[in-house]
Structures are given as C-alpha cells and as structure tokens.
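Colleague: model this:
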Amino acid sequence: MKTLIAIISLLVTCIATSAFADTNSNGVEQADRILVVKSDRKLYLMRSGKVLREMDVSLGLAPSGHKRQSGDSRTPEGLYYLDARNPDSDFFLALHVSYPNSQDRARAAAAGVDPGGQIMIHGMPNELKYEEQRYTAWDWTDGCIAVANADMIDIWLMTPDMTPIEILP
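Modeller: As a prediction, the model looks like this:
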C-alpha cells in the first residue's frame with residue numbers, strides 16, 4: 001500500500017510539474033528559446049513557437065556579418081545557449097552567450113585568429129558615458145546584444161540557464 005501511495009504521489013507531482021512547466025517557481029512565464037534578428041534589431045522571447053515578448057536591441061559597432069575574431073565588433077550569428085549569469089557586470093545584468101562554439105573555434109583556428117568571446121545579452125552601462133538615448137538609437141557594443149534595463153529584467157527572469165539562442169543575420 002505504501003508503494004502504491006508513493007507511486008500515486010510521484011505521478012501527481014509529475015503531472016503538476018509538467019502542467020506548470022511554462023512558469024518558474026515564482027510564477028514568471030518562462031521562454032524556451034530566444035531569437036535575435038540582427039537586421040531588424042529585435043530580440044524575441046519564445047515559448048512553443050509563440051512570441052512571449054519582443055524587444056529592441058543594439059548590436060556590435062560592426063553588426064553586419066558573423067563574428068570572426070576578437071575585436072571585430074561583430075555580433076555572432078548561429079545557434080548558442082545562455083550558459084552563465086553575471087549580476088555584477090559593468091552593465092545592468094548580463095547573460096553569457098556560449099560563443100564561440102566548436103564551429104567558430106575551428107573557423108578561427110583555420111584563419112589563425114582568436115575567435116573572441118565574452119558575448120553577452122546585457123542592459124545599459126552602469127556608468128553612462130553618453131546620454132541614454134544614444135544607447136537605444138545606435139549599435140554601440142563590442143559584439144554583445146544590448147537591451148533597455150527594463151527588458152533585461154524580463155530576459156533575466158524569463159530565461160532559465162541553458163536557454164537556446166539563435167542569432168540570425
């Protein structure tokens with residue numbers, strides 16, 4: 001009888017967990033994917049193919065094309081995932097994008113260059129050098145994806161670790 005009760009309890013827990021898998025423990029809706037369309041300067045938080053949130057982004061100073069090496073100021077293109085969080089960044093929150101992946105490293109090695117790294121999704125600089133409007137009207141990062149601070153809070157809360165991110169041209 002104890003075994004049967006344990007099995008029923010486990011099934012109820014599994015059903016309840018799967019029914020609410022689209023929210024985290026605080027009841028915040030969770031994205032299962034991020035899509036960035038560089039040409040549109042948009043970031044989409046997605047769940048089951050539906051857009052949960054749409055946000056404007058700023059990109060690297062040289063946004064066209066895929067990141068090839070350290071210092072080229074390009075935002076990478078391809079499939080990655082969010083693999084680390086930094087609440088103490090020089091920018092308002094930061095989520096690390098897993099660039100470079102194995103293909104990026106192989107391409108850079110073949111070209112004899114450093115692929116670079118430290119690509120993040122982040123908010124505005126903690127210490128502004130320019131008026132805030134400049135950060136929203138121009139591409140200004142070293143290759144990162146920047147959003148407004150309010151949008152960064154949503155991204156931070158709505159994306160679990162290892163969320164896939166696809167960055168399109």
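Colleague: low-confidence ranges in the protein?
Modeller: 1-21, 26 (pLDDT under 70).
Colleague: buried ones in the longest strand belonging to it?
Modeller: For the chain, the strand that runs over the most residues, judged by DSSP state E, is strand 78-86. For strand 78-86, the buried set under the neighbour-count rule, 16 or more other C-beta atoms under 10 Å, comprises 78, 80-82. Every C-beta, even on glycine, is put in place using the N, C-alpha and C of the backbone.
Colleague: Summarise which helices and strands it is packed against.
Modeller: Here strand 78-86 touches strand 94-97, strand 164-168, going by 3 or more C-beta pairs under 8 Å, 6 or more residues apart in numbering; DSSP states H and E.
Colleague: Let me have those strands in TSV, extended by distance to residue 39.
Modeller: Compiled in TSV, the helices and strands packed on strand 78-86 are given as follows (distance: least, C-beta to C-beta, whole Å):
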stretch	distance to residue 39
strand 94-97	18
strand 164-168	8
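Colleague: and the ones you listed as a markdown table, adding mean neighbour count?
Modeller: Below are those laid out as a markdown table (neighbours: other C-beta atoms under 10 Å):
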| stretch | mean neighbour count |
| --- | --- |
| strand 94-97 | 23 |
| strand 164-168 | 18 |
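Colleague: how about these, which one is nearest residue 114?
Modeller: Closest to residue 114 of the helices and strands packed on strand 78-86 is strand 94-97 (C-beta to C-beta; 16.9 Å).
Colleague: Report the angle between the longest strand of the chain and strand 164-168.
Modeller: With axes from the mean of the first three to the mean of the last three C-alpha atoms, to 10 degrees as the basis, strand 78-86 and strand 164-168 are set at 130 degrees to each other.
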